[in-house]
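> Sequence and predicted structure are below.
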Amino acid sequence: MSSSEEPPPRPRAPQVTHSDEERNLRLIIDSIPALAWSARTDGSAEFFSQYYLDYIGFSADQAQGLGWTAAVHPDDLGSLLATWQRIIATGAAGEAEARLRKHDGEYRWFLFRTNPLHDDAGAIVKWYGINTDIEDRKRAEDALRESERQFRLLVETIPALVWRGTADGDLDYLNQRAVEYLGRTAESLSGGRWLEVIHPDHRDATVQRWMDSVSKGTSYDDVYQLRRADGQFRWTQSVGEPFRDAQGRITQWYGVIVDIDDRKRAEQNLRRSETFLAQAQRLTLTGSLWWDVATGHIVWSDETFRVMEVPTTTEPSVELVLSRVYPDDLALVREMIERAAADGVNIDFEHRLLMPDGAVKHVRVVLQQVGREPGRPEFVGALTDVTARRQPEIALDKARAELAHVARLATLSTLTASITHEVSQPLSGIITNAGTCLRMLDATPPDLDGARQTARRTIRDGNRAAEVIAGLRALFTRKESVIESVDLNAATREVMALATDELQRNSIGLRSDLAPDLPEIPGDRIQLQQVVLNLLRNAADAMAAVHDRPRQVLITTRRRDQDVLLSVRDSGPGFDPRLRDQLFDAFYTTKVDGMGIGLSVSRSIVEGHHGRLWADLNDGPGATFSFSIPAPPS
């Protein structure tokens, strides 16, 4: 190609017209996945991207002007239009939130954002905007708000005082329950003023423990007394944990305070009760125990360990119990344990323990079933050391045995004295009658009729002596008495007949006042007559030294309530009232030659008939001895 030749013409780029640019822009806008739009200066819509129209299911004509508002949720439309009008009025960019209805009817939250377009003169010629789907964000925000609401509700309603502290340990939040409990807000307790509500005795230690946790970043746990709004100090427990950021730095402290005053006092009362129980068990030498038969598990109190003389570190067991049992009692204890385990029966018995040092203890074991599950008996019980009580009883039993031996030896002497005392009168009568009988036979001529009469009296006195001996023998040998229905008046008249001769020889007048309607009583006739005769003889002996007044004896019988009463009244010197209770003691007597047996034997006879014998001083001279015997029901 010569130089003179003109170069070939360069290809020219196709001319792009304004309409082409708009078309290309429209394609771009319609292709992006966003709800784009534009509006006139008055706020009426003039353009929507195809993505926008497809989303709400409107045509371009339907969406023009304010037609697009039909896709806005009715509850959000008023607020959205009001915000749009404020944006137009200010001429500045703005945004609003509202729900748009998708073509399928679903409403979703969108963020409406708009910016004005200005001409060269600065006047707004158009508004451009874009709507962004924020449904997921809104749901997350709603969930977060609900979570925060639930958390705050939890914080405000839990039965504890919730607090929050700064990284350096100052208080900056209290829940409402804490505010009401303390009567103070977090603001009023900040700057270290929270110490004002802590008991003065606990402040220094509380501060030390709190600052130690803050400085080390370790968990906080403390118990102290806190002043409530009413001014009362109550025991509380405060715990806290540090909250750290991603770098591990403490940004906050969170914690709770729980009122434990009631629990604290209950624990104190429980400890006091346990102390009292332990002291009571120690004083009474009684230990407690629990036994689960099915598992073999046994629990002992400290006192049980002490009684058993076993270290408290030892595991209690049935085998351990049996190893301490006295050999002679082992069979009994095994039987009791087996009965309780097999049948679930309660047991209460005593046995002996043989200690390692050879000492013997007496213990009482009581087991009471408390288990309610069939076939699985459980027992609570007590083990009492009764050695101190049993030793005197053992000594007493030994003394009783020795005393019984002595009593057997003394019984012969007592029986001899009683026979001598009771038989002396009929024997004297026999001797007197025998002498009288001899004199009548030696008379000239012999008085045979008198002798026969005297012989009959001798036989009567001999029979009387035999009856007395038989009665005393039955009394001292504890044989059963011959119980029959006794007419006390008739029995008394027989005794009066026996004693008449002797009383007359001693110038003693005998009178009687026997109740005619006296009921018969159950008893031993001979023994009751022995009592009456003894009272008569005592009355006669009491008047032996009386010379300044008549010697009189009065026997009376009468009914008194449910008893039959017999009294013997004399006119002797009476007795010292201070010695009233001793009159009926064995071997006690006020007579120079008395043996002190008669009244003692008489009392034994009366009491054997379920009656009572006593003595009274008369208003005048003398005394009255009486006894009463229960009469059968009418």
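Received it, and whenever you're ready, just let me know what you need.
> confidence score at Ile521?
Listed pLDDT for Ile521 reads 93.
> Please report how far it lies from Leu528.
With distances taken as Cβ to Cβ, to the nearest Å, Ile521 is found 8 Å from Leu528. Using the backbone N, CA and C atoms, a C-beta is placed for each residue, glycine as well.
> Which one's more surrounded, the two?
Taking neighbours as other Cβ atoms under 10 Å, Ile521 and Leu528 compare with Leu528 leading, 26 against 21.
> and that one, what element?
Under the criterion of DSSP states H and E, Leu528 resides in helix 525-542.
> Go through that helix and flag the buried ones.
Within helix 525-542, the residues that count as buried by 16 or more other Cβ atoms under 10 Å are 525-542.
> returning to what we had before: okay, and the common contacts of Ile521 and Leu528?
Common neighbours of Ile521 and Leu528, counting by Cβ atoms under 8 Å, 6 or more residues apart in numbering, are 486, 488, 609, 629.
> On the strand side of things, show who Arg108 bridges to.
Beta-bridge partners recorded for Arg108 (DSSP bridges): Leu100.
> and it, what pLDDT?
95.
> Show me what the spatially closest residue to Asp616 that is not a sequence neighbour is bridged to.
The shortest distance from Asp616 to any non-neighbouring residue, by Cβ to Cβ, 6 or more residues apart in numbering, is to Thr624 (5.0 Å). Using DSSP bridges, the beta-bridge partners of Thr624 come out as Arg569, Asp616.
> So Thr624 sits against Trp614, correct?
No: here Thr624 lies out of contact with Trp614, judged by Cβ atoms under 8 Å, at a distance of 9.3 Å.
> Can you classify Gly231 by secondary structure?
Secondary structure assignment for Gly231 (DSSP: H, G, I helix; E, B strand; the rest coil): coil.
> Which pLDDT value goes with it?
93.
> Now do it against Leu182, distance only.
11 Å.
> Give me the more crowded residue out of the two.
Leu182 (21 against 7).
> Give me the distance between the more buried one and Asp230.
From Leu182 to Asp230 the distance is 11 Å (Cβ to Cβ).
> go on, Asp513?
Applying Cβ to Cβ to Asp513 and Asp230 gives a distance of 88 Å.
> So which of those two has more stuff around it?
Ranked by neighbour count (other Cβ under 10 Å), Asp513 and Asp230 place Asp513 first, with 11 against 8.
> which ones are touching the more buried one?
With Cβ under 8 Å, 6+ apart, Asp513 has these contacts: 554-557.
> Looking at those residues, which is nearest Pro327?
Thr557 (64.6 Å; Cβ to Cβ).
> Now do the same contact list for that closest one.
Applying Cβ under 8 Å, 6+ apart to Thr557 gives the contacts 488-489, 492, 513-515, 518, 564-567.
> Could you work out the most separated pair of those?
Using Cβ to Cβ, the contacts of Thr557 span at most 14.3 Å, a distance reached by Asp513 and Val564.
> What segments of the stretch 251-400 of the chain are helices?
261-284, 302-308, 318-324, 330-343, 387-442 (DSSP state H, counting those that start in this stretch).
> Just give me the lowest mean pLDDT stretch among the ones you listed.
Across these, helix 387-442 gives the lowest mean pLDDT, at a mean of 59.
> returning to that earlier point: got CSV for the contacts of Thr557, with pLDDT too?
Shown next, in CSV, are those (pLDDT from 0 to 100):
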residue, pLDDT
Leu488, 94
Asn489, 94
Thr492, 94
Asp513, 95
Leu514, 95
Ala515, 93
Leu518, 93
Val564, 95
Leu565, 95
Leu566, 97
Ser567, 97
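> mind listing which of those are in helices?
If you go by DSSP state H, the contacts of Thr557 have 488-489, 492 in helices.
> Just the buried subset of these, please.
488-489, 492.
> Thr458: which of these is nearest?
For those, the nearest to Thr458 is Thr492 (23.4 Å; Cβ to Cβ).
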